[in-house]
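> model this:
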Amino acid sequence: MDVRNRRTEWILIGCVALFAAILRVAYLGRESLWYDEAFSYLAATLSPAQIWSNAIQSSHPPLYYFLLHLWLRLVPDQDAALRLLGTVWNLALIPTIYGLSRALLGERRLALTAAFLVAVSPFHILYSQELRMYTQVMLWALLGVWGYWQGRRTGGWRWWWLFGGAFLLALYTHYFAVWPLLAVGFHALLRIRDRQAWWRAVLVMGVVGVLFLPWVGVVMRGVDPELGALRPLTQTYALDPLKPLTTLAFLIFGISNQLWYTGLALFAVVAVTAVLLLEGRRIRAEGLPDGLLLVFLIIGLSLGAPLLMYFIRPFFLTERTMAVASPFLMIVLAWGVSRRQSPLPYLAGLVVVGMLAGVVMHWFQPDLKPPYRDVVTWVAQQRQPGDVVLHTSDGSYWPALRYVDWSDHVVLAGDPDPRRSVAMHRLVGGDVWSREEVIARGNRLWLIVALEHSVEWQLEQADFFARQFTLLQRHEIGGIQIYLYDVTAVTEE
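Numbering: from 1, shown residues only. You can find the predicted model right below:
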């Protein structure tokens, strides 16, 4: 490629990245942190030793919390600034997916389409504005696959180092990075005739596994099976037979409050999947490009393995935990747009139109996250010294701990499905009190009821305080109930 074409190429990528930055930075701090984001923030405020020991019993490896710990020292303590870390990772994904797509499939226009799809994907916009590790693990996985592919092509050890280093970082970011790593290993096995590439892949994957063992030891030594690290695997949930479809729709279209948009997303996913299956024979006859085979293996294993485990024994499997498959889905969509004499380009075009509609809706639709920041801000304006502020759920309590540092600010004990131990609450500056302890402290009680967890139990607790004490105020913000009681005045039943 001559210098002029290369310059044009990078100008186009820069324009796509700039457009993506505008979509992501707008309203970056509009919504409150919710429970998982508050957990990230509170975990990152711990010391590096506490993060490494998994003192907070996270369900994820520690690399994201380490990097967020450093990020907290560099930026203002504001939601938008904190979330900018995820935005940076996601913007870096755009030139990376361009480079990987170009290497895998050899077409500049296809690679540019894949980069554009990431830029306008409602899923990527949503999670670039989330204080979680999903954009980070997607970037590491893409870099790892790029390193593997270029290592096979060139034989250069620097690419094999990139393969191993990126996947090691990916595993220390999210456990589900193991699926694309195994997909790469399966691809190497299918191409075992290239002995040098096969043995190098095995060697690098073995080194990655050995270097990940220290963290496995940390988790297994300190785990409480009922809380934290292994909680998603220990509890059984009702089986959702639509999980494969909703997962694919979510990883492309994100989430919306609009029923019509959800219907469009599901229809598009079903239609594209059906056409791909029907065209399988034709695609095989034409010869499936090896790079595209690798992409399909990654998607198949990254989605198929967790979903198979889920259908064997339903566990807490959320669509976002399979985020590592999303950029590879963008590559498949870009390839679908480039097909000829097939309905696939039209369906892929429908998907793109739906994604663009989702971008517009993302700007104007109501907030998707509970307004915990508004709740504690309002209580702070009304609260008097000596008041007790009590949450019936850690769902509102942990975000509140991110925003305020009050004395006598606690969560109610007795949750039948606890997500964190008393020690973990105290580790991040909170506390857990019984009803008797609450009543014995102060004259006024603020009760915050956010019905997102243990709903029946929370309603029972709210009813107890309503029957026992005189109500002074009642307020609602975004469906979250706020009550103020005089606990010195007992009502007559």
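> the strands in this protein, which residues?
Under the criterion DSSP state E, strands of the chain are mapped to 388-391, 409-412, 432-433, 444-449, 469-477, 480-490.
> dump these to JSON lines, plus mean neighbour count.
Bear in mind the C-beta positions are built from the backbone N, C-alpha and C, glycine included. What follows is these, written out as JSON lines (neighbours: other CB atoms under 10 Å):
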{"stretch": "strand 388-391", "mean neighbour count": "26"}
{"stretch": "strand 409-412", "mean neighbour count": "23"}
{"stretch": "strand 432-433", "mean neighbour count": "20"}
{"stretch": "strand 444-449", "mean neighbour count": "22"}
{"stretch": "strand 469-477", "mean neighbour count": "14"}
{"stretch": "strand 480-490", "mean neighbour count": "17"}
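> what sits against the most centrally placed residue in the chain?
Taking CA atoms, centre = their mean, the centroid of the chain lies closest to residue 134, which sits 4.2 Å from it. By CB atoms under 8 Å, 6 or more residues apart in numbering, the contact set of residue 134 is 86, 127, 174, 320, 323.
> in those, find the pair that's most separated.
Farthest-apart pair in the contacts of residue 134 is 86 and 174; separation 13.1 Å (CB to CB).
> what about the chain, any weak spots by pLDDT?
Within the chain, the ranges that satisfy pLDDT under 70 run 1-4, 222-236, 489-493.
> returning to that earlier point: which residue is the nearest non-sequential neighbour of the residue nearest to the centre of the chain?
Distance criterion CB to CB, 6 or more residues apart in numbering; nearest residue to residue 134, sequence neighbours excluded, is residue 323 at 4.1 Å.
> now do residue 211
Spatially, and ignoring its direct neighbours in sequence, residue 211 is nearest to residue 168 (5.6 Å; CB to CB, 6+ apart).
> who's in contact with that neighbour?
Applying CB under 8 Å, 6+ apart to residue 168 gives the contacts 208, 211, 212.
> check residue 358 too.
Contact partners of residue 358, counting by CB under 8 Å, 6+ apart, are 122, 253, 254, 256, 261.
> give me that answer again for 6 Å
122, 253, 254 (CB atoms under 6 Å, 6 or more residues apart in numbering).
> give me the number of residues near the residue nearest to the last one when sequence neighbours are not counted?
Leaving out its chain neighbours, the residue that sits closest to residue 254 by CB to CB, 6+ apart is residue 122, at 3.3 Å. The local packing of residue 122 (other CB atoms under 10 Å) involves 25 other residues.
> what distance do you get for residue 122 to residue 453?
Distance, residue 122 to residue 453, using CB to CB, to the nearest Å: 26 Å.
> just the contacts of residue 358: which are in helices?
With DSSP state H as the criterion, helices contain 122, 253 from among the contacts of residue 358.
> what about residue 270, how many residues nearby?
Residue 270 has 13 neighbouring residues, counting by other CB under 10 Å.
> ok, now residue 247?
By other CB under 10 Å, the residues close to residue 247 number 23.
> repeat that for residue 478.
14.
> nearest residue to it other than its sequence neighbours?
Of all residues not flanking residue 478 in the chain, residue 371 sits nearest, at 4.0 Å (CB to CB, 6+ apart).
> wait, isn't the one you found in contact with residue 32?
Yes - at 5.4 Å, residue 371 and residue 32 qualify as touching, with contact defined as CB atoms under 6 Å.
> of these two, who's got more company?
residue 32 (23 against 19).
> not counting its neighbours along the chain, what's nearest that one?
Spatially, and ignoring its direct neighbours in sequence, residue 32 is nearest to residue 373 (3.6 Å; CB to CB, 6+ apart).
> and the gap between that neighbour and residue 87?
From residue 373 across to residue 87, the span is 19 Å (CB to CB).
> residues in contact with residue 286?
Residues near residue 286 by CB under 6 Å, 6+ apart: none.
> if we use 10 Å, what do you get?
residue 279 (CB atoms under 10 Å, 6 or more residues apart in numbering).
> residue 263: neighbouring residues, count only.
Look at residue 263: counted by other CB under 10 Å, it has 11 neighbours.
> identify the residue spatially nearest to residue 140, adjacent ones excluded.
In space, and not counting its chain neighbours, residue 140 is closest to residue 170: 3.6 Å by CB to CB, 6+ apart.
> distance of the one you found relative to residue 297?
Distance of residue 170 to residue 297, computed by CB to CB: 16 Å.
> who has more neighbours, these two?
Neighbour count, other CB under 10 Å: between residue 170 and residue 297, residue 170 has more, with 29 against 21.
> surely the more buried one meets residue 89?
No - the pair residue 170 / residue 89 is not scored as a contact, 11.8 Å apart, by CB atoms under 10 Å.
> need the overlap of contacts for these two.
Residues touching both residue 170 and residue 89 (CB under 10 Å, 6+ apart): 133, 136, 137, 138, 139, 140.
> ok, the fourth one to residue 179 distance?
Looking back up the chat, that one is residue 138. 13 Å.
> hey, what's in contact with both of the two?
With CB under 10 Å, 6+ apart, residue 138 and residue 179 have common neighbours 324, 325.
> quick one on the thing from earlier: want to throw the strands of the chain into TSV with distance to residue 28?
Shown next, in TSV, are the strands of the chain (distance: least, CB to CB, whole Å):
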stretch	distance to residue 28
strand 388-391	26
strand 409-412	27
strand 432-433	33
strand 444-449	26
strand 469-477	21
strand 480-490	23
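> so for residue 77, which of those sits nearest?
Nearest to residue 77, of all those, is strand 409-412, at 18.3 Å by CB to CB.
> hmm, who's touching the closest one?
The contact list for strand 409-412 (CB under 10 Å, 6+ apart) reads 376, 379, 383, 387-398, 400-401, 418, 420, 422, 425, 429-435, 437-438, 441, 446-449, 457-458, 461, 465.
> make a ChimeraX selection of the buried ones in those residues.
Of those, the buried ones go into a single ChimeraX selection, burial set by 16 or more other CB atoms under 10 Å:
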select :376,379,383,387,388,389,390,391,392,393,394,395,396,397,398,400,401,418,420,425,430,432,433,438,441,446,447,448,449,457,458,461,465
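> could you find the closest non-adjacent residue to residue 85?
Nearest non-adjacent residue to residue 85, counting by CB to CB, 6+ apart: residue 71, 4.9 Å away.
> what's the overlap in contacts for residue 371 and residue 32?
Common contacts of residue 371 and residue 32 (CB under 10 Å, 6+ apart): 377, 399, 478.
> out of these, who's nearest residue 118?
Taking the shared contacts of residue 371 and residue 32 together and measuring to residue 118 by CB to CB, the closest member is residue 399, at 28.9 Å.
> correct me, but that closest one touches residue 33?
Yes - the pair residue 399 / residue 33 is scored as a contact, 5.2 Å apart, by CB under 10 Å.
> these two: which is more packed in?
Per other CB under 10 Å, whichever of residue 399 and residue 33 has more neighbours is residue 399, with 29 against 26.
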